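Trainee: Sequence first, predicted model second:
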Protein chains: 2
Amino acid sequence: MAQTEQTTATSAPDLQTIRAAHERIRPQIHHTPVFTSESLDTMTGAHLFFKCENLQKTGSFKFRGATNAVFSLTDEEAKRGVVTVSSGNHGAALSLAARRRGIPAWIVMPGAAPRAKRQAVEAYGGRVTECEYDMASRDATCKTLQEKTGAILIHPYNNPRVIAGQGTAALELIEDVPDLDIVISPVSGGGLLSGTAISSKSLRPQIRVIGAEPKNADDAYRSLAAGQIEPAAKTQTIADGLRAVLCPLTFSILRQHVDEIALVTEEEILATMRLLWERLKLIVEPSGAVSAGIALHNKITARGKRIGIILSGGNLDLDQIPFVRAAK
Amino acid sequence: MAQTEQTTATSAPDLQTIRAAHERIRPQIHHTPVFTSESLDTMTGAHLFFKCENLQKTGSFKFRGATNAVFSLTDEEAKRGVVTVSSGNHGAALSLAARRRGIPAWIVMPGAAPRAKRQAVEAYGGRVTECEYDMASRDATCKTLQEKTGAILIHPYNNPRVIAGQGTAALELIEDVPDLDIVISPVSGGGLLSGTAISSKSLRPQIRVIGAEPKNADDAYRSLAAGQIEPAAKTQTIADGLRAVLCPLTFSILRQHVDEIALVTEEEILATMRLLWERLKLIVEPSGAVSAGIALHNKITARGKRIGIILSGGNLDLDQIPFVRAAK
């Protein structure tokens, strides 16, 4: 995807910026609850605090960043509308954020995206333009739309305002549960993990920040190990929200603030998702279960620790989950 | 099942009794949240307020009634322990309530009960005794246990203290959302609906109280129509928590306070459950989806109304849900 047309600084946001973002978006978002489970605590020997971004407006944390970006635009900028490329959650989030501001949102989406996610985008008023799955097609479609409409690109993560918005989830979590030892967030393009890391390390320097990634989409893990951005893995993952790769901005934030990237297998993601459904009574999408899987499948030393886990979203096509098939 | 060995009055609780129950159980229970959904409101033209008893301790409202009954016992009574017959939620609830009071709980359970429910009972410290599915076997097994242990029978609904506990869910709901036009609760043996009706009509006389029942288990519907308790239907329902029949106590409360029993088909129950999973991001068990199905499938005039819906529980064997199959 083309780099964002920046209308703001390109440097990493700091805690003050994230606090300002929180003030800006607070009237629009849910202050999501933190769930706990005695049985999952018993199972891990840890104290787990689940930040329920699956219960956020539009069903994922993406609404935080999109809302901050949209409501940061000047009136002059805003009336041009916004455009993005998204296979799902960011597109839905940007659509609703734009509708709340009364401006159009154009969403470029691969034709193969889950039905539920496309329907959500349209239900929130987003105008979907289909493209092929490959990067080149996405970029070209997006560029054409930008030129035709004059809309401002709101990149899903290569945008400090988006990152600042995503950082408000950890801000709320640490305000609600101040004495965490560890915080775990999934990583894809790195917007949520960047915001989480900045908030967490600023508020609580001794906290350990862990990024969670599917083993089948381990580009962030490889990138931090190699010291440069590595290409996406060629394998498939059920965690369809975690297939993006880092950009220079998020890469540099992660290098500075993230202690570790931990990996889970596809089987562990599915088992975790099922366990969260059964124990928390919460629908969590595969991408959302990746962070919990790190703690529940012993990828870190969890015992005795107080661990904040960001459940990033709850949007899914039930039919696409291997242990779910279509109602007869 | 044998009538309960009453250690309390056999008459219906009133609002004052329900308030006292709430004070008694408040330190033990969750004040469950009320969820709303813009998309479900748009779909129905109503304002729906979902009281999330699936997020109650032990995964269902049953913990309210069981806790009130157990914590109402004198020390002399309590040390004898408690016993009940339950295929699931009441058994789990009574087990945890008893453990919280430090006394034993014996749970008589048909051998065919869902695996997850039996495991839950055992995880909460309940001692499971299997019986056959028929009434006679249950009663005999329970009676033998009572004689052997001296334990006090806590009937799942033929017990005013249990009914008073169940009434605290509607009490919280109406305190949190005061201006409801309608409240809907599922009905099986009638404990939850009785408590809901007493709380609701006492706090807000103009409210309409509706019982929700599967068409395949319509004995409460037939009983209120006939003016006498009718036997269970011979058909099967996916809503396995709703197969009990009214007792004289709940029948008389329902006749006095309930405006209507509405019915949903098996297909409507499953479609509702799936919709709640997708839109509320909440796991609701089939029995819990029955009350929502009344509003979502136009069994009542919902448009323009403010409707409280009690989602009674979230415990299920995912494998037993037709649109879910075992993880491979």
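Mentor: It's in.

Trainee: B:Leu276 versus the residue of the stretch 1-150 of chain A found nearest chain B, what's the distance?
Mentor: Nearest to chain B, among the residues of the stretch 1-150 of chain A, is A:Asn54, at 4.8 Å (CB to the nearest CB). Using the backbone N, CA and C atoms, a C-beta is placed for each residue, glycine as well. Distance check for A:Asn54 against B:Leu276: by CB to CB, to the nearest Å, it reads 14 Å.

Trainee: Kindly report the same for A:Gly241.
Mentor: 22 Å.

Trainee: can you check A:Ala123 too?
Mentor: From A:Ala123 to B:Leu276 the distance is 17 Å (CB to CB).

Trainee: Could you do A:Arg208 as well?
Mentor: Applying CB to CB to A:Arg208 and B:Leu276 gives a distance of 36 Å.

Trainee: One more: A:Val70?
Mentor: Taking CB to CB, one finds A:Val70 at 30 Å from B:Leu276.

Trainee: For the closest residue to the residue of the stretch 1-150 of chain A closest to chain B other than its chain neighbours, grab the count of nearby residues.
Mentor: Nearest non-adjacent residue to A:Asn54, counting by CB to CB, 6 or more residues apart in numbering or on different chains: A:Gly314, 2.9 Å away. For A:Gly314, the neighbour count with other CB atoms under 10 Å in any protein chain shown is 26.

Trainee: A:Gly314 contacts A:Val284, correct?
Mentor: Yes: at 5.7 Å, A:Gly314 counts as touching A:Val284 under the criterion of CB atoms under 8 Å.

Trainee: quick one: common contacting residues for those two?
Mentor: Residues touching both A:Gly314 and A:Val284 by CB atoms under 8 Å, 6 or more residues apart in numbering or on different chains: A:Asn54, B:Lys281.

Trainee: what is the mean pLDDT for stretch A:275-288?
Mentor: Average pLDDT, stretch A:275-288: 94.

Trainee: Quick one: end-to-end length of that stretch, please.
Mentor: 12 Å (CA to CA, to the nearest Å).

Trainee: That stretch and chain B, any residue contact?
Mentor: Yes: contact of stretch A:275-288 with chain B (CB under 8 Å from any CB of the partner chain) involves A:Trp277, A:Glu278, A:Lys281, A:Leu282, A:Ile283, A:Val284.

Trainee: Compare those residues and tell me which is most surrounded.
Mentor: Neighbour max across the residues of stretch A:275-288 next to chain B (other CB under 10 Å) = A:Val284, 29 neighbours.

Trainee: Where does it sit: helix, strand or coil?
Mentor: Under the three-state scheme (DSSP: H, G, I helix; E, B strand; the rest coil), A:Val284 adopts coil.

Trainee: so how far is chain B from A:Ser287?
Mentor: According to CB to the nearest CB, to the nearest Å, A:Ser287 stands 14 Å off from chain B.

Trainee: scratch that, A:Gly313 is what I was asking about
Mentor: Distance from A:Gly313 to chain B, by CB to the nearest CB: 9 Å.

Trainee: A:Ser194 too?
Mentor: In terms of CB to the nearest CB, A:Ser194 sits 25 Å off from chain B.
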